[in-house]
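Asks: A structural model of the following input is requested.
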Amino acid sequence: MLLEQLLHTTLDYQLDTLVGPGITKIKASGGLPDYQNFDFEPKDLIKQCTQMYTSFAKADSNEAVQIIGRGSRYFKASTFTKAGKFAGKYSLFDREKLAERDPFIQKLQAHSQQQGAEEEVDTPEEFLCEMTYCIMSNPVQLLRSRKIIVCYI
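Replies: From the prediction side, this is the model:
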């Protein structure tokens, strides 16, 4: 499960960087960067990320939505929509493959709205992870320091 979360968090970050607000981090100032010098093809990377998400969704879309949604730091349903528009604009996939993603994106949007409603609830600080600032799913209090951490066992 931890591996799945790391994978999805990494994919969420990649997609956010390539089509979301993170795009400003990779744009060069004063003109377009020379991607060929670095063997960097953003379109190929977006296509690969999209293919991975499509594969996860085909296996079990409900579970994929839950896992992807946990990575709230970079997860935004709008990023998935932008990636779909980008893929359509540059013909990265045929129309059928793009249409396969629509129900999955709708589930992600519904999950995102539900998360937004949950975030409006005040959560005590001791139940939030210090690194991600998300609600801990399995908190454990250490005996000596009385500090609360997440238990992955």
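
Asks: what residue ranges in this protein are flagged as low confidence?
Replies: 1-8, 22, 24-36, 70-74, 117-120, 151-153 (pLDDT under 70).

Asks: Run through the helices of it in chain order.
Replies: 2-19, 23-26, 42-70, 77-89, 95-119 (DSSP state H).

Asks: Tell me which of those sits nearest to Val140.
Replies: The stretch from these with the least distance to Val140 (Cβ to Cβ) is helix 2-19; that distance is 15.7 Å. To be clear about C-beta, it is placed using only N, CA and C from the backbone, and glycine gets the same treatment.

Asks: If we ignore the residues flanking it in sequence, what's nearest Met109?
Replies: Quick fix: residue 109 reads Gln, not Met. Ala77 (4.2 Å; Cβ to Cβ, 6 or more residues apart in numbering).

Asks: The one you found is in contact with Gln106, isn't it?
Replies: No - taking Cβ atoms under 8 Å as the contact criterion, Ala77 and Gln106 are not neighbours in contact, 9.0 Å apart.

Asks: Now do Gln48 against Pro42, distance only.
Replies: Noted for Gln48: a distance of 11 Å to Pro42, by Cβ to Cβ, to the nearest Å.

Asks: just Thr50 next, same as before
Replies: 12 Å.

Asks: More neighbours: the two, which one.
Replies: Taking Thr50 and Pro42 together and counting by other Cβ atoms under 10 Å, Thr50 has the greater number of neighbours (23 against 16).
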